[in-house]
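Chemist: model the structure of this input:
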Amino acid sequence: KPKRKAAFGSVGRRIPYRILHVINQDGESLGNMHRAEALKLMDQHDLKLVLLRENAEPPVYRLMTGQQIHEEQLKRAEKKKANPKAGMYIKELSFSSAIAKNDLETKTKQIAQWIEKKYHVKVTIRQAK
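Modeler: Numbers count the residues shown, from 1 in each chain. Presented below is the predicted three-dimensional model:
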């Protein structure tokens with residue numbers, strides 16, 4: 001079984017599958033073809049093959065320019081930054097047990113927003129004198 005690709009990028013000439021589903025740089029399907037035909041197309045049009053879906057039958061590859069590959073890598077990096085993994089951030093909040101009702105409601109709303117964003121929330125209540 002072939003190794004899984006960690007990063008999005010050109011696979012070069014190392015294609016472990018015999019039959020591929022190829023998509024051109026404009027997003028149009030070229031259909032299923034043999035690995036040799038795909039490599040010939042890649043050389044003729046001076047493009048690179050990129051693995052899109054390995055789990056499909058046959059695996060889906062796309063012909064892309066170096067610029068398209070770079071832009072897609074940037075998009076994926078931005079998306080990864082925008083969606084932090086759950087549990088990565090801990091928000092801490094502390095207040096007195098003599099807190100006013102309005103202040104308590106405001107802090108409760110803030111806690112609810114943090115929980116929606118999948119943050120871990122730590123609440124500390126200090127005893128009033």
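Chemist: mind listing what's buried along whichever helix or strand residue 125 is part of?
Modeler: Using DSSP states H and E, residue 125 sits within strand 120-126. Of all the residues in strand 120-126, not one is buried under the rule 16 or more other C-beta atoms under 10 Å. For every residue, glycine as well, the C-beta is placed using N, CA and C.
Chemist: again with stretch 106-117
Modeler: residue 114.
Chemist: just stretch 91-105 next, same as before
Modeler: The neighbour-count check on stretch 91-105 (16+ other C-beta under 10 Å) flags nothing as buried.
Chemist: export only the CA atoms of it, formatted as CSV.
Modeler: Only the C-alpha atoms of stretch 91-105 are listed here, as CSV (Å, rounded to 0.1, in the frame of the first residue of the first chain):
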residue,chain,number,x,y,z
LYS,A,91,-9.1,30.8,28.7
GLU,A,92,-9.1,31.7,32.4
LEU,A,93,-11.6,33.9,34.2
SER,A,94,-11.7,34.8,37.9
PHE,A,95,-14.2,36.9,39.8
SER,A,96,-15.3,37.6,43.3
SER,A,97,-18.3,35.8,44.9
ALA,A,98,-19.8,39.3,45.6
ILE,A,99,-20.0,40.0,41.8
ALA,A,100,-22.9,42.2,40.7
LYS,A,101,-25.7,40.4,38.7
ASN,A,102,-25.1,42.4,35.5
ASP,A,103,-21.3,41.6,35.6
LEU,A,104,-22.0,37.9,36.2
GLU,A,105,-24.3,37.9,33.1
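Chemist: show the average pLDDT along that stretch.
Modeler: Stretch 91-105 shows a mean pLDDT of 89.
Chemist: same thing with stretch 69-82?
Modeler: Stretch 69-82 carries an average pLDDT of 83.
Chemist: what distance separates that stretch from the centre of its chain?
Modeler: Centroid separation for stretch 69-82 versus its chain: 8 Å, with C-alpha atoms, centre = their mean, to the nearest Å.
Chemist: in that stretch, what's buried?
Modeler: Quick answer for stretch 69-82 (16+ other C-beta under 10 Å): 69, 72.
Chemist: good, wrapping up.
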